[in-house]
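> Pasting the sequence and the predicted model now:
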Amino acid sequence: MISDPIEFELFKNALFGIADEMALTVFRTTYSGVLKDNMDYSTALFDGGGVLVAQGLTLPGHLGSMPTAIAAVKAAFAGQVYPGDVFILNDPFQGGMHLPDVFVFKPVFQPGEDRKPIAWACAVCHQTDVGGRVPGSNASDSTEIYQEGLRIPPLKFYERGIRNETLFSLIEKNVRVPVKVFGDLRAQLAACHIAEQAVVELAAHYGAEKLAQYMTELVDYAERMTRAALRELPDGVYDFLDHIDDDGIDVGKPIPLKVTITKSGDAIHADWTGTSPQVKGAINNTLSYTKSASYCAIRSILPQNIPTNEGVFRAITVTAPEGTIANMVLPGACAARGLTGFRMVDCMFGALAKMLPDQVFAASDGGNTGVSIGGYYGDRSPFIYVDFTCCAWGARPYADGLDGNSHIYANMASQPIEVTETEQPLQITAYEFIQDAMGPGKFRGGAPFRREYKLLAEEAILQVRSDRRDFRPFGLYGGGAGQPSMNYLNPDRNPAPLPSKLTMTMRKGDLFRHEVAGGGGWGDPLERDPALVLGDVLNGFVSERAAREDYGVVFAGKPLEVDNTATAGLRQQMRTQRKWDDVPTYNWGVPLAAE
């Protein structure tokens, strides 16, 4: 046990501060928009044995996968870890998630010691390109891992401080934009170097023995807090079934996602049995990524003051049968596996809403849409634009869903229009909220936006990974479903929507429009405060028509004011005409194909 709790608290804050400083180092030194603007990267610290101790304020999707990645490195190089070594990997079948996410690990040693590390630093970044059949290496319509780019098993990037020239050359010859890729890899190296310096200073202050003791205690402390919080939750078995629209190959064939959560005492188990067998398209998950999604959803119902590290994960077990979309095997494609991970978080929320109806929010926009546009300038030099767009939370049991805010699994930001137009041959012609797209409810879903990309180069490959078109974001306890996501090419001339997942050629002047799905609502829309409806109408989120049809709110006068008498009468009439007596737990709306 810790004899000095104040010193331990200071140590904890120092360690998490190092992980956050690593994240800021990547932010300040990276090259590509997907990192410096979207912030699709993560950082963390491990103890000398490879146990995750502190996570930076970055992406849950990466962080929950890190224990699997470092275990692969340690297994591959048991007894061969030395000062100055740096390890790299991205192979989904050996600790990675999908090929663009490249892990860099650096063991930290005390000065003058070379027997075993006192800590490990890690930075994982989504690289703009790792080769493969399409620019950006992120296509949802690849059908096997061999099409997706360069697979890097656990290897030494540097050995005893000397860089692996063979590996550097191999990477350079297999990626389309080596300047960006190596710039981003150097940012990862810088973050790990910053962490190494800081941990060595901590070891000098506390001593190596106390450093190890405090790291172990920090993980044990998180586990004790997690188990104590779980004991306060109701025991039981809670399941949920949702569907991904399709995999982009077998178009129109729904893909089931099923989770069964069993909570007993101080432990909780998520079982993905019943989820779809592995699919042809590139939306298959590694088990590590399925674990990440499960951890993220459960972590969101736990107290905020629990340190997020491997201690939390010890109280959570996650299983999924091999050969399923939740636990793929060779030669499964997984470049677009992020789609499935985001959808799994919402699927977990569907089950957890049965356990904790007053805490869990409705479905968000379906997770970020991946848009990649890549090609060549007239001088044959390449360009690649990689963007991840998400913006609409599901409504909460106590408040509206957040507008313009990233899915809880991502913590990403949008790329600025000015930067995009400066660095890429693109023009952003629209970036705006969509009226009437959020699910209605006592608390409405978050508002989504549309974004339009006009190509200024002669030709480019457009790759899109989206979902929630047929199976809309569900509402909870009477809340309505959000409106579906939509894709269009030159909508002024071609109003017919494109599939949710696609790879196609754009020509100069072509305009691609993506509309994000709206967040689901929570609670009966007829119980929404009319003043909130008025505010949404004045702000352009809700039309007067939708205010009347969805919420039963009537306005009068100029400027608009709520007509309280007419509103009360309309709401009573709407309640009388309803075809259901009890408020439904879930509301997916009507699938698009049936509308």
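Okay, I see it.
> Run a quick neighbour tally on the closest residue to residue 423 other than its chain neighbours.
Using CB to CB, 6 or more residues apart in numbering and skipping residues adjacent in sequence, the residue nearest residue 423 is residue 33, 6.6 Å away. All C-beta spots, glycine's among them, are computed from the backbone N, C-alpha and C. By other CB atoms under 10 Å, the residues close to residue 33 number 21.
> And for residue 273?
By other CB under 10 Å, 12 other residues sit near residue 273.
> Would you confirm that it contacts residue 323?
No - using CB atoms under 8 Å, residue 273 is not in contact with residue 323; the gap is 12.0 Å.
> which residues of the stretch 101-250 of the chain fall in strands?
101-108, 119-126, 155-159, 162-163, 236-244 (DSSP state E, counting those that start in this stretch).
> okay if I get these as a markdown table plus distance to residue 169?
As requested, the strands of the stretch 101-250 of the chain are exported to a markdown table (distance: least, CB to CB, whole Å):
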| stretch | distance to residue 169 |
| --- | --- |
| strand 101-108 | 16 |
| strand 119-126 | 20 |
| strand 155-159 | 13 |
| strand 162-163 | 11 |
| strand 236-244 | 39 |
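> closest one to residue 384 among the ones you listed?
Nearest of those to residue 384, taken as CB to CB: strand 119-126 at 12.2 Å.
> pLDDT of that closest one, averaged?
The average pLDDT for strand 119-126 rounds to 97.
> ok, and for that strand, which residues are buried?
Across strand 119-126, burial judged by 16 or more other CB atoms under 10 Å covers 119-126.
> what angle do that strand and strand 101-108 make?
Between strand 119-126 and strand 101-108, the angle formed by their directions is 160 degrees, by axes from the mean of the first three to the mean of the last three CA atoms, to 10 degrees.
> Direction included, what does strand 119-126 pair against?
strand 41-47 (antiparallel), strand 101-108 (antiparallel) (DSSP bridges).
> so where do the strands sit in the stretch 301-450 of the chain?
Listed in chain order, the strands found in the stretch 301-450 of the chain under DSSP E, counting those that start in this stretch are 316-319, 369-376, 382-389, 426-433, 449-455.
> neighbouring contacts of the first one?
What it means is strand 316-319. By CB atoms under 8 Å, 6 or more residues apart in numbering, the residues outside strand 316-319 that reach it are 226, 267-273, 287, 290-291, 294-295, 298.
> at 7 Å instead, please
268-272, 290-291, 294-295, 298 (CB atoms under 7 Å, 6 or more residues apart in numbering).
> Could you measure from residue 442 over to residue 396?
10 Å (CB to CB, to the nearest Å).
> Name the residues contacting each of the two.
Residues touching both residue 442 and residue 396 (CB under 7 Å, 6+ apart): residue 522.
> any idea which helix or strand carries residue 532?
In the assignment (DSSP states H and E), residue 532 maps to helix 530-538.
> by contact count, what packs against the next helix or strand after that helix?
Next helix or strand after helix 530-538 toward the C-terminus (DSSP H and E): helix 544-551. Counting contacts by 3 or more CB pairs under 7 Å, 6 or more residues apart in numbering; DSSP states H and E, helix 544-551 is packed against helix 530-538.
> Output the helix it packs on as CSV - backbone C-alpha positions only.
The C-alpha trace of helix 530-538 is given here as CSV (Å, rounded to 0.1, in the frame of the first residue of the first chain):
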residue,chain,number,x,y,z
PRO,A,530,-41.7,24.4,-26.3
ALA,A,531,-39.1,27.2,-25.5
LEU,A,532,-36.3,24.8,-26.6
VAL,A,533,-38.2,24.0,-29.8
LEU,A,534,-38.6,27.8,-30.4
GLY,A,535,-34.9,28.2,-29.9
ASP,A,536,-34.1,25.5,-32.5
VAL,A,537,-36.4,27.1,-35.0
LEU,A,538,-34.8,30.5,-34.6
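> So what touches it?
Counting by CB under 7 Å, 6+ apart, residues outside helix 530-538 touching it are 542, 544, 547, 551, 553, 560, 562, 567.
> so the fourth one sits right up against residue 527, yeah?
No - taking contact to mean CB atoms under 7 Å, the distance of 9.3 Å between residue 551 and residue 527 leaves them out of contact.
> The two: which has the busier surroundings?
Remark: of residue 551 and residue 527, residue 551 carries more neighbours, 28 against 14, as counted by other CB under 10 Å.
> one step back: what does the average pLDDT come to for the helix holding residue 532?
97.
> same check, this time on stretch 226-235
98.
> Using the three-state scheme, assign residue 81.
Recorded secondary structure, residue 81: coil (DSSP: H, G, I helix; E, B strand; the rest coil).
> Tell me how many other residues crowd it.
Residues within reach of residue 81, counting by other CB under 10 Å, total 19.
> neighbours around the closest residue in space to residue 203 that isn't next to it in sequence, how many?
Closest residue to residue 203 apart from its sequence neighbours, by CB to CB, 6+ apart: residue 211 at 4.9 Å. Applying other CB under 10 Å, we find 23 residues neighbouring residue 211.
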